[in-house]
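[1] 3D, please:
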Amino acid sequence: METSTLLSASEWAQQTFGQVRLGHRRRRERAVAMAAAIAADPAASLPKQMGSEAALHAAYRFLQTPDVTYEQLIRVHVQQTREAMGKPERVLLIQDTTEVDYQQHPTTTGLGPIGNGTHHGFLLQSVLAVLPDHRQVLGLAHQEPFLRQPAPKGETKREREQRERESQVWERSVQAIGEPPTEVQWIHRGDRYSDMFPFLSRCRQLHGDFVVRAAQDRCVDLLVEQADTPTARRSHHKRRPQRHLFEVVRGWSAQGEQDLELDATKQSRARTAHLAISFGSLRLLPPESHQASDLRPLVVWVVRVWEPEPPEGVEGLSWVLLTPVPVQTVEQAWERVDWYRARWIVEDYHQGLKTGCRIEQRQLQSYEGLRRWLGLVAPAAVRLLQLRAAARQTPEQPASQTLPTDVVAVVAARAGVLPAQLTAQQCWHTIARLGGYLGRKGDGPPGWQTLWRGWLYIQTLLEGVHLAARLSLDSSSDP
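    Okay, here's the model as predicted:
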């Protein structure tokens, strides 16, 4: 999406929702109007976003209309994302689950248990399509809100194994996205929770790749290449006795070292870690259960990255990554690590839904109403991430070539420089500072929250500038 369209709430809403099919033209127009109001101020209350009592009542009617569904509202955005996914050579499909908590709204009907069962809400599985080189977010490739189903009382182990499991949402996401076009590589990226053999197998069945952090200490076969003989050609590899994954990879010697900047998390501060890396190929064996009877072994490349000497009092980083994408050089091994590190983007997306769009603060009385609201705000949260990406592209380019002229003029005046002297990076950093970005050494580039707060402040200044110009024009035309 062009930066100019991304920055204009009305243009963005028209492009994102202008083609939705809701059974009636007025419903589509209402969806576009509501989306534009949400995009202009995602965190505001619904009354503030709608701006008038009539528009507010119309919005509530829209969110209570049975003929309007979440699937209808999100479909065009997903289709646009899928089209964009067919053009680059390589796309990361970053997937994760989050809990949407409505414990503060006990009268909301139709929700299910979350957490340890003391809260209620729904679960949300999101798959973001991201370009690996620049972390550009293309959009949602798939999204599924769903309810947790409590285990029946007195359920036996056999009954539990036979019923549908919550974790199967990962497989459903892969199935919904389908196969990549010819000469395009789709790489499903998952954290430790996604280390499920059926999920890995489904990726390969649909000609997709994956990069997953290992959580299960699976049985593996070591692969040893044989000489080029008739017997070897009939059996490409020979087996050694089965061993366990973590035992094997911990015995590998380091094949390279590198410093890596680790982002801050809830548990730790940002820091620089000196890491070692090793890699090799193994055959993963499926689990021994009746559910896995139709699963075949998978030949994967394994990348182990670890911190040999972590700082005192800090738990050293240690990842074991699984991928079918060949890893034959140290450079390729570090690239796979970089693909895995992109996992934070989907967490930022869910944070954007909860903080930037305040989805958990909405009082819509029913799960179905919340689903319709999600259909409007899910693309709006993507827009927040795309705004961040736009702020990091072409940093040395003149700001006037990527941003609206009036925005550049206001930001330049606020910064005390001429508009022609302002680069894109300087412009965005000034906007982020107005939203609370400090720009200290080690802070890194501004995130979506400070950028968005600063952008809203600039929009307020622009409204004042336009109003002053209009008042001046009216005054000069008076007799």
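
[2] Please identify the helix or strand for the residue nearest the centre of the chain.
    In the chain, the C-alpha closest to the average C-alpha coordinate belongs to V346, at a distance of 2.5 Å (C-alpha atoms, centre = their mean). In this assignment (DSSP states H and E), V346 forms part of helix 344-351.

[3] ok, then the element right after that helix?
    Under the assignment DSSP H and E, the closest C-terminal helix or strand after helix 344-351 is helix 367-392.

[4] For that following helix, give the mean pLDDT please.
    Mean pLDDT, helix 367-392: 90.

[5] could you point out which element follows that helix?
    The helix or strand immediately downstream of helix 367-392 is helix 405-415, counting by DSSP H and E.

[6] Of all the helices and strands in the protein, which has the lowest average confidence?
    Least confident element among the helices and strands of the chain, by mean pLDDT, DSSP states H and E: helix 230-234 (a mean of 43).

[7] List the buried residues for the helix holding V346?
    The neighbour-count criterion (16 or more other C-beta atoms under 10 Å) identifies 345-346, 348-351 as the buried residues of helix 344-351. The way it works is simple: take the backbone N, C-alpha and C, and place the C-beta from them, glycine included.

[8] helices or strands next to that helix in the packing?
    strand 90-101, strand 119-131, helix 367-392 (3 or more C-beta pairs under 8 Å, 6 or more residues apart in numbering; DSSP states H and E).

[9] Among the buried residues of helix 344-351, which one sits closest to E183?
    Compare each of the buried residues of helix 344-351 with E183 using C-beta to C-beta and the shortest gap goes to I345, at 24.7 Å.

[10] where exactly do the strands run in the stretch 151-300 of the chain?
    185-190, 209-213, 219-225, 237-239, 243-244, 256-262, 271-284, 298-306 (DSSP state E, counting those that start in this stretch).

[11] any chance of those in JSON lines, plus distance to R26 and mean pLDDT?
    Shown next, in JSON lines, are the strands of the stretch 151-300 of the chain (distance: least, C-beta to C-beta, whole Å; pLDDT from 0 to 100):
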{"stretch": "strand 185-190", "distance to R26": "38", "mean pLDDT": "95"}
{"stretch": "strand 209-213", "distance to R26": "44", "mean pLDDT": "97"}
{"stretch": "strand 219-225", "distance to R26": "60", "mean pLDDT": "73"}
{"stretch": "strand 237-239", "distance to R26": "63", "mean pLDDT": "48"}
{"stretch": "strand 243-244", "distance to R26": "62", "mean pLDDT": "91"}
{"stretch": "strand 256-262", "distance to R26": "51", "mean pLDDT": "90"}
{"stretch": "strand 271-284", "distance to R26": "54", "mean pLDDT": "93"}
{"stretch": "strand 298-306", "distance to R26": "52", "mean pLDDT": "96"}
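
[12] what is the mean pLDDT for stretch 334-346?
    94.

[13] Can you list the residue ranges for helices in the stretch 1-150 of the chain?
    For the stretch 1-150 of the chain, helices defined by DSSP state H, counting those that start in this stretch occupy the ranges 3-7, 9-17, 25-40, 46-50, 53-63, 70-85.

[14] Show me what the fourth one is packed against.
    Of the remaining helices and strands, those touching helix 46-50 by 3+ C-beta pairs under 8 Å, 6+ apart are helix 25-40, helix 53-63.

[15] mind checking how far R343 is from V130?
    As judged by C-beta to C-beta, to the nearest Å, R343 and V130 stand 10 Å apart.

[16] do Q332 as well
    19 Å.

[17] Looking only at neighbour counts, state which of those two leads.
    Taking other C-beta atoms under 10 Å, Q332 and V130 do not tie; V130 has more neighbours (27 against 15).

[18] Show the pLDDT at P419.
    The confidence metric pLDDT takes the value 87 at P419.

[19] what's the neighbour count on the nearest residue to P446 once chain neighbours are set aside?
    With C-beta to C-beta, 6 or more residues apart in numbering as the criterion, P446 has its nearest non-adjacent residue at 3.5 Å, and that residue is A432. Neighbour count for A432, taken as other C-beta under 10 Å: 25.

[20] how about A432, secondary structure?
    helix (DSSP: H, G, I helix; E, B strand; the rest coil).

[21] which residues does it contact?
    Contact partners of A432, counting by C-beta atoms under 8 Å, 6 or more residues apart in numbering, are 391, 439, 446, 450-451, 454.

[22] let's see it at 6 Å
    446, 450-451, 454 (C-beta atoms under 6 Å, 6 or more residues apart in numbering).

[23] Can you flag which of the residues you listed belong to strands?
    Among these, no residue falls in strands (DSSP state E).

[24] of those, closest to T5?
    Nearest to T5 among those: L451, at 17.0 Å, using C-beta to C-beta.

[25] measure the closest residue to the closest one other than its chain neighbours to L353 for me?
    Taking C-beta to C-beta, 6+ apart as the measure, L451 lies nearest to A432, with 5.0 Å between them; neighbours along the chain are not counted. When distance is defined by C-beta to C-beta, A432 is 21 Å away from L353.

[26] again, but for G436
    20 Å.
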